[in-house]
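S.K.: requesting a structural model of the entry that follows:
(one chain, ligands or ions: 1)
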Amino acid sequence: MAKVVVLGSGFAGHTAAMYLRSRLGKEHQVTVMTNNDMFSYLPSWVWVGVGHMKPEKTVFKLKPVYDRLGVNFVHAAAREIHPDAGEQYILGEKAGTKEPVRLDYDYLVIATGPKLNFAGTPGLGPETGFTNSICSLPHAIKSRDAYLALVERMKQGEKVRIVVGTGHPGATCQGAAFEYLENIHKDLVKRGLRAQADLLWLSNEPALGDFGVDGITMKKKSGLVTSAEFIEAVFRDHGIRWQIQTGVTKVEPGKLYWENYAGESGVTEFDFAMLIPQFLGQPFKYIGKDGSDVSAKLVNKAGFVLVDGTYGLNYETLSEDPDAWPATYQNPQYPNVFAAGIAFAPPGPISVPHVNKNGLSITAAAPRTGMISGVIGRIVALNIVDLIKQGKVTHHERMSEMVAACIASMGDSLWDGNAAVMIMYPVVPDKKHYQNGTGRDLFVSLLELGLAGAWMKFVLHHTFIWKFKARPGWKIIPE
Ligand SMILES: Cc1cc2nc3c(=O)[nH]c(=O)nc-3n(C[C@H](O)[C@H](O)[C@H](O)COP(=O)(O)OP(=O)(O)OC[C@H]3O[C@@H](n4cnc5c(N)ncnc54)[C@H](O)[C@@H]3O)c2cc1C
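M.R.: Numbers count the residues shown, from 1 in each chain. All right, here's what the predicted structure looks like:
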């Protein structure tokens, strides 16, 4: 009998657990240890943050799903991982009681997402700082309340400054921030208040529409169009100002301090700001048999789990080598440890990095979106099944081989809503296979705007919640 433990129950961990359970016989044990007993459908938090969706519509209880599937459920936060051969186990604390928990494993999936590192930017964040966030459900609810309070002030005739984007020079997840800004725009238009708000997109991207994936180029009748041109047209149409190539370094009440590519520094004043923090790996202790710290074998300096990628390449070399991206998501030192979703360490950024003359790196980190995290969760599960059944891994999918679709909501109404549908293949440009200057297949790459996208986003919300509840047919719904 094999004991498989999955840490985390987000897009990556929950997907991995569902596939593990469906592919392994009952003689094998599948356990999920997670510090959140609810599954969260994060993409819809852009609507929670403007008060257009009730928070409870974006979450559901995991235990009943796991009881039905036959997955053991441990509601606890992991703290230590002991990976050395012999006794391999995780130590954690039970939610609520903080009682110690020990789980032994034969195979481990680390899928614990990001630590939201608000502390990386002094003054950032809704708990100890002065900005908002939509990166957790309590944060999205707090953002909603702050936004609706601002709307009340606007109704009294006040003019306000709203800033949305990235709150750290190395942040990722620009797509979610873009959606939130566009939903604010649409909401204010509908309320007849748009003229009273100055909307600013403030981001660390090298170009508009970069989204941490080096932008997208697509074929149109008129020729090639880039996401930079596309997003610029959208922002002009919506009267949204932008400031890119900028890293926020500090926040004070109503003031954002930043540096840009040129090394200039400045201050932007705001009444409401929603800025994405830096993401780090979860700060677990990795402890060897003799009590020593073995974290260097498992994680990089940011705490992301090292897998089968080629690390340490400079950007130029990495951007020419699609095979440097991990394929099996297996740790080379501990082959029974895998990582999925945001938890795995990418070998570097996809977007062009930049260090300004003051030595500040302003570089959009590589995103691992929900779809990518789900795909990797499935690959990892299938590889563990391979190891158990045939002693070797056979499944691989690099981000440089993976297709990704993203629907960026720009207003949720099914009558006059809007969304940008983005499809890219592959996610990480592969300049060896696609020698067209973009590294992507231009027949697949797409960026379209329209009401149909708003319908798709709505349908995706319900379809994915169906899938994640493991309802009939979940396996045929792609990640
Ligand atoms: C507002 C917003 C909108 C987004 N929109 C989209 C979109 O439209 N499309 C898209 O593809 N992606 C979108 N994303 C990105 C997507 O949500 C993430 O890429 C995805 O959630 C990453 O999945 P994950 O499983 O790696 O991490 P997470 O979803 O963060 O899951 C991590 C899990 O680990 C658990 N955990 C953390 N620490 C511990 C611990 N110590 N012990 C035990 N368990 C722990 C957590 O409780 C959680 O269950 C959006 C993100 C945000 C914030």
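S.K.: C-alpha from now on. contacts and neighbour counts both.
M.R.: Will do.
S.K.: how far away is the residue of the stretch 151-300 of the chain found nearest the ligand from Ser40?
M.R.: Using CA to the nearest ligand atom, Ala176 is the residue of the stretch 151-300 of the chain that sits closest to the ligand, at 4.3 Å. Here the criterion is CA to CA, to the nearest Å. By it, Ala176 lies 15 Å from Ser40.
S.K.: with Ile276 instead?
M.R.: 18 Å.
S.K.: could you do Leu224 as well?
M.R.: From Leu224 to Ser40 the distance is 37 Å (CA to CA).
S.K.: of these two, which one has the most company?
M.R.: Set Leu224 next to Ser40 and count neighbours by other CA atoms under 10 Å: Ser40 wins out with 24 against 10.
S.K.: name the nearest residue to the more buried one, ignoring sequence neighbours.
M.R.: In this structure, Ser40 finds its nearest non-sequential neighbour in Val59, 4.6 Å apart by CA to CA, 6 or more residues apart in numbering.
S.K.: so what's the residue count around the one you found?
M.R.: Neighbour tally, Val59, other CA under 10 Å: 17.
S.K.: ok, it touching Asn36?
M.R.: No - contact criterion CA atoms under 8 Å: Val59 and Asn36 do not qualify, at 10.6 Å.
S.K.: contact partners for Thr106?
M.R.: Just to correct that, residue 106 is Asp rather than Thr. Ala2, Lys3, Val4, Val5, Gln88, Asn336 (CA atoms under 8 Å, 6 or more residues apart in numbering).
S.K.: now, which of those sits nearest the ligand?
M.R.: Val5 (10.9 Å).
S.K.: where does the closest one sit, in terms of helix or strand?
M.R.: Taking DSSP states H and E as the definition, one finds Val5 inside strand 3-7.
S.K.: now do the buried residues in that strand.
M.R.: Neighbour-count burial for strand 3-7 flags Val4, Val5, Val6, Leu7 (criterion: 16 or more other CA atoms under 10 Å).
S.K.: what's the answer for stretch 61-72, then?
M.R.: For stretch 61-72, by 16+ other CA under 10 Å, it's Leu62, Lys63, Val65, Tyr66, Leu69, Gly70, Val71, Asn72.
S.K.: tell me the SS of the fourth one?
M.R.: Just to be clear, that refers to Tyr66. Three-state call for Tyr66 (DSSP: H, G, I helix; E, B strand; the rest coil): helix.
S.K.: how close does it sit to Ile477?
M.R.: For Tyr66, the distance to Ile477 - CA to CA - is 19 Å.
S.K.: how distant is the helix or strand of the chain with the lowest mean pLDDT from the center of its chain?
M.R.: Using mean pLDDT, DSSP states H and E, strand 446-450 stands out as the lowest-scoring helix or strand of the chain, at a mean of 85. Chain-centre distance of strand 446-450: 21 Å, with CA atoms, centre = their mean, to the nearest Å.
S.K.: with stretch 279-298 instead?
M.R.: Counting by CA atoms, centre = their mean, stretch 279-298 comes out at 23 Å from the chain centroid.
S.K.: same question for stretch 471-479.
M.R.: 22 Å.
S.K.: which other helices and strands does the helix or strand containing the residue of the stretch 151-300 of the chain closest to the ligand contact?
M.R.: Assigned by DSSP H and E, Ala176 belongs to helix 174-191. Where contact means 3 or more CA pairs under 8 Å, 6 or more residues apart in numbering; DSSP states H and E, helix 174-191 is packed against helix 45-48, strand 160-166, strand 197-202, strand 272-276, strand 404-409.
S.K.: how about a cut-off of 7 Å?
M.R.: With contacts taken as 3 or more CA pairs under 7 Å, 6 or more residues apart in numbering; DSSP states H and E, helix 174-191 sits against strand 160-166.
S.K.: give me the mean pLDDT for the strand it packs on.
M.R.: Strand 160-166 shows an average pLDDT of 98 in the prediction.
S.K.: in the stretch 101-250 of the chain, which spans are helices?
M.R.: 137-155, 174-191, 227-238 (DSSP state H, counting those that start in this stretch).
S.K.: list the buried ones in the longest one?
M.R.: Under the neighbour-count criterion of 16+ other CA under 10 Å, helix 137-155 has 137, 139-147, 150-151, 154 buried.
S.K.: show me the residue at the heart of the chain, geometrically.
M.R.: Residue closest to the average C-alpha location in the chain (CA atoms, centre = their mean): Thr369, at 4.4 Å.
S.K.: list the contacts for that residue?
M.R.: For Thr369, no contacting residues are found, by CA atoms under 7 Å, 6 or more residues apart in numbering.
S.K.: what does the pLDDT read for it?
M.R.: 96.
S.K.: identify all contacting residues around stretch 194-207.
M.R.: In contact with stretch 194-207 (CA under 7 Å, 6+ apart) are residues 154, 158-166, 169, 185, 188, 211-212, 228, 240-247, 352, 362-364.
S.K.: how about a cut-off of 8 Å?
M.R.: 154, 157-171, 174, 178, 181, 185, 188, 211-212, 215, 228, 239-247, 351-353, 362-364.
S.K.: check which residues of the strand or helix carrying Thr317 are buried.
M.R.: Applying DSSP H and E as the criterion places Thr317 in helix 315-319. Neighbour-count burial for helix 315-319, counted by 16+ other CA under 10 Å, picks out Tyr315, Leu318, Ser319.
S.K.: the last one contacts Pro429, correct?
M.R.: Read it as Ser319. Yes - between Ser319 and Pro429 there is a contact at 7.5 Å, judged by CA under 8 Å.
S.K.: shared neighbours, the two?
M.R.: Contacts common to Ser319 and Pro429, judged by CA under 8 Å, 6+ apart, are Ile350.
S.K.: how about the strands in the stretch 251-400 of the chain?
M.R.: In the stretch 251-400 of the chain, the strands defined using DSSP state E, counting those that start in this stretch lie at 255-260, 265-269, 272-276, 278-280, 285-286, 337-339.
S.K.: from Thr217, how far off is the residue nearest to Asn336 when sequence neighbours are not counted?
M.R.: Leaving out its chain neighbours, the residue that sits closest to Asn336 by CA to CA, 6+ apart is Tyr107, at 4.9 Å. For Tyr107, the distance to Thr217 (CA to CA) stands at 40 Å.
S.K.: cool, and Ala111?
M.R.: For Ala111 relative to Thr217 (CA to CA), the value is 31 Å.
S.K.: so between those two, which is more surrounded?
M.R.: Ala111 (30 against 23).
S.K.: show me what contacts the more buried one?
M.R.: Shown in contact with Ala111 (CA under 8 Å, 6+ apart): 6-10, 12-13, 339-344.
S.K.: possible to save those as TSV with pLDDT?
M.R.: TSV is the format used below for those (pLDDT from 0 to 100):
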residue	pLDDT
Val6	98
Leu7	98
Gly8	98
Ser9	98
Gly10	98
Ala12	98
Gly13	98
Ala339	98
Ala340	98
Gly341	98
Ile342	98
Ala343	98
Phe344	98
